[in-house]
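> compute the structure for the input listed below.
(one chain, ligands or ions: 1)
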Amino acid sequence: MDSSTPADVVLVLNAGSSSLKFAMYASAGALAWQAVARGQIEGIGSTPRMIVKAADGSLRPVPALASSVVDGRAALAFLVEWLNEAFAGARIVGVGHRVVHGGPDHSRPVVVTPAILDELRKLEPLAPLHQPFNLGAIDAVAQRLPGVPQVACFDTSFHRGQPAVAELVPLPAELRKGGLQRYGFHGLSYEYIASVLPDIAPAIASGRVIIAHLGSGASLCALRDGRSVDSSLGFTALDGLCMGTRPGALDPGVVLYLFQGLGMSAQEVETVLYKRSGLLGISGISNDMRDLLASDAASARLAIDYFVYRAAREIGALAAVLGGLDAIVFTAGIGEHSAEVRGRICEASAWLGLQLDRAANDAHATCISAPGSKVSAWMIPTNEELMIARHTGRLLGLVGAKP
Ligand code: ADP
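I've put the predicted structure just below:
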């Protein structure tokens with residue numbers, strides 16, 4: 001162990017269908033966690049490869065992965081072995097997981113027990129593309145790191161406690177029994193932003209704020225006094241804004257048409273809704289906003305126009321929910337990096353009293369609205385992994401936990 005290797009670390013895992021993202025945190029004093037390394041194994045099941053960045057963002061050399069890394073369990077085994085070698089002497093004292101679905105009752109993270117795991121497995125039908133992989137990582141850690149406590153942090157928790165009308169799916173009661181309601185997602189990102197607002201923007205922290213999480217997945221959250229009162233994502237992560245490959249809100253009749261009019265199978269419809277629509281579907285070019293911004297094609301411009309249009313429209317809807325608006329916060333890949341998209345959404349929201357400071361926006365400043373703007377606008381990088389590390393530390397009683 002070299003002198004920079006920390007003794008006790010928390011491992012944060014975000015397991016998907018073909019990738020395993022991870023971050024390692026060490027205690028950095030009484031109230032803080034410091035990222036030691038972060039990275040991912042991607043291409044699991046096809047051509048797996050690992051990327052790791054050190055705390056300063058520099059790439060760390062890593063061994064090539066054998067094609068035997070065919071599933072999440074094998075990826076986790078490889079990761080643990082590599083961590084043991086690269087950070088020899090460090091002790092993993094807790095593992096925090098991103099778990100997409102906590103169901104209607106979990107309004108905060110929990111320490112994983114066999115009973116909790118059984119309960120979370122019952123939610124798999126509500127998030128079949130994510131939940132099984134999240135829980136698979138918990139199983140794999142229990143096998144590879146027996147005795148190390150694990151914490152499940154849910155993307156849905158932050159939204160619990162919303163008014164009944166915000167959670168309602170207005171279908172017959174007997175159909176709603178199995179958990180058919182609006183849950184909202186991206187909760188760890190929203191919780192992180194809400195946690196830093198009192199320091200970064202104290203004047204708005206207890207006000208009416210819309211956070212725009214604009215990444216591959218995109219959604220909005222309406223906050224009042226730091227708590228979620230509504231969100232643009234609902235029962236699944238398909239609702240609301242236009243996303244990289246998902247369409248956002250659709251007339252449900254469109255889905256009926258795909259089945260009845262075009263004779264598609266359930267599997268085909270699922271693929272259209274999750275993988276072929278949104279920015280990719282509109283443009284026919286790419287799901288990546290960078291590619292579209294760089295393209296001269298009319299279809300790329302239309303995709304960006306729709307992305308902005310839909311975001312501005314949903315901001316108006318959530319401003320109505322909040323009874324007015326004090327601020328908009330942009331975060332995630334597009335929200336943090338694209339001055340053009342941020343600027344256009346702000347300009348489309350000028351009717352709310354938002355006056356953009358173009359120079360500040362172009363410079364990716366934290367505050368991007370003009371002095372005196374009635375509604376202020378902000379760019380704040382999100383940090384879901386840090387949020388998970390904080391929760392894990394707090395629940396396990398580890399030093400470094402933020403109270
Ligand atoms: P994920 O949901 O995969 O975590 P991110 O929050 O990393 O997504 O956002 C990914 C998206 O952010 C990319 O698909 C890309 O469209 C967008 N993005 C990243 N950097 C830029 C940039 N400089 N300009 C415009 N868009 C960007």
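
> stretch 367-376: which residues count as buried?
The neighbour-count criterion (16 or more other CB atoms under 10 Å) identifies 367, 368, 369, 373, 375, 376 as the buried residues of stretch 367-376. The way it works is simple: take the backbone N, C-alpha and C, and place the C-beta from them, glycine included.

> my bad, stretch 263-281
Buried residues in stretch 263-281 (16+ other CB under 10 Å): 264, 272, 273, 274, 277, 278, 279, 280, 281.

> check whether it contacts the ligand.
No - contact of stretch 263-281 with the ligand (CB under 6 Å from any ligand atom) is absent, the minimum separation being 7.6 Å.

> please see if the helix or strand harbouring residue 394 touches the ligand.
Per DSSP states H and E: residue 394 is located in helix 384-396. No - Helix 384-396 lies out of reach of the ligand by CB under 6 Å from any ligand atom, never closer than 8.4 Å.

> model confidence over that helix, on average?
Across helix 384-396, the average pLDDT comes to 95.

> quick one: buried residues of it?
Per 16+ other CB under 10 Å, helix 384-396 contains these buried residues: 384-396.

> any stretches of the chain with poor pLDDT?
Low-confidence segments of the chain, defined by pLDDT under 70: 1-5, 29-31, 399-403.

> who's the residue lying closest to residue 102 once chain neighbours are set aside bridged to?
The shortest distance from residue 102 to any residue other than its chain neighbours is 3.1 Å, reached at residue 154 (CB to CB, 6 or more residues apart in numbering). Taking DSSP bridges, one obtains residue 99 as the residues bridged to residue 154.

> for residue 343, give me its contacts.
Neighbouring residues of residue 343 by CB atoms under 8 Å, 6 or more residues apart in numbering: 356, 358, 361, 362.

> tell me how far it lies from the ligand.
From residue 343 across to the ligand, the span is 12 Å (CB to the nearest ligand atom, to the nearest Å).

> so that residue is in which element?
helix 339-348.

> check contacts around the residue of the stretch 251-400 of the chain found nearest the ligand.
Ranked by CB to the nearest ligand atom, the top residue of the stretch 251-400 of the chain for proximity to the ligand is residue 333, at 2.0 Å. Shown here is residue 333, whose contacts under the criterion CB under 8 Å, 6+ apart are 214, 215, 216, 289.

> list the buried residues of the helix or strand where it lies.
Residue 333 is part of helix 332-337, with elements assigned from DSSP H and E. Buried residues in helix 332-337, counted by 16+ other CB under 10 Å: 332, 333, 334, 335, 336, 337.

> which part of the stretch 101-250 of the chain gets nearest to the ligand, residue-wise?
Closest point on the stretch 101-250 of the chain to the ligand, by CB to the nearest ligand atom, is residue 215, at 2.6 Å.

> list the contacts for that residue?
Residue 215 sits in contact with 332, 333, 334, 335, where contact means CB under 8 Å, 6+ apart.

> cool, and residue 181?
Counting by CB under 8 Å, 6+ apart, residue 181 touches 104, 167, 168, 169, 235.

> the second one against residue 182, yeah?
Yes - counting by CB atoms under 8 Å, residue 182 is a contact partner of residue 167 at 5.0 Å.

> tell me where this protein has strands.
Taking DSSP state E to define them, one finds strands in the chain at 8-15, 20-27, 33-42, 49-54, 59-60, 91-99, 110-111, 150-154, 208-214, 218-224, 227-231, 327-331, 376-379.

> tally of neighbours for the nearest residue to residue 139 once chain neighbours are set aside?
In this structure, residue 139 finds its nearest non-sequential neighbour in residue 73, 7.5 Å apart by CB to CB, 6+ apart. Counted by other CB atoms under 10 Å, the residues lying close to residue 73 total 17.

> so which residues on the chain come close to the ligand?
215-217, 244, 288-290, 293, 332-334, 337-338.

> for the longest helix along the chain, name the packing helices and strands.
Secondary structure of the chain per DSSP state H: the longest helix is helix 298-322. Applying 3 or more CB pairs under 8 Å, 6 or more residues apart in numbering; DSSP states H and E, one finds that helix 298-322 makes contact with strand 208-214, strand 218-224, strand 227-231, helix 278-283, helix 289-294, helix 339-348.
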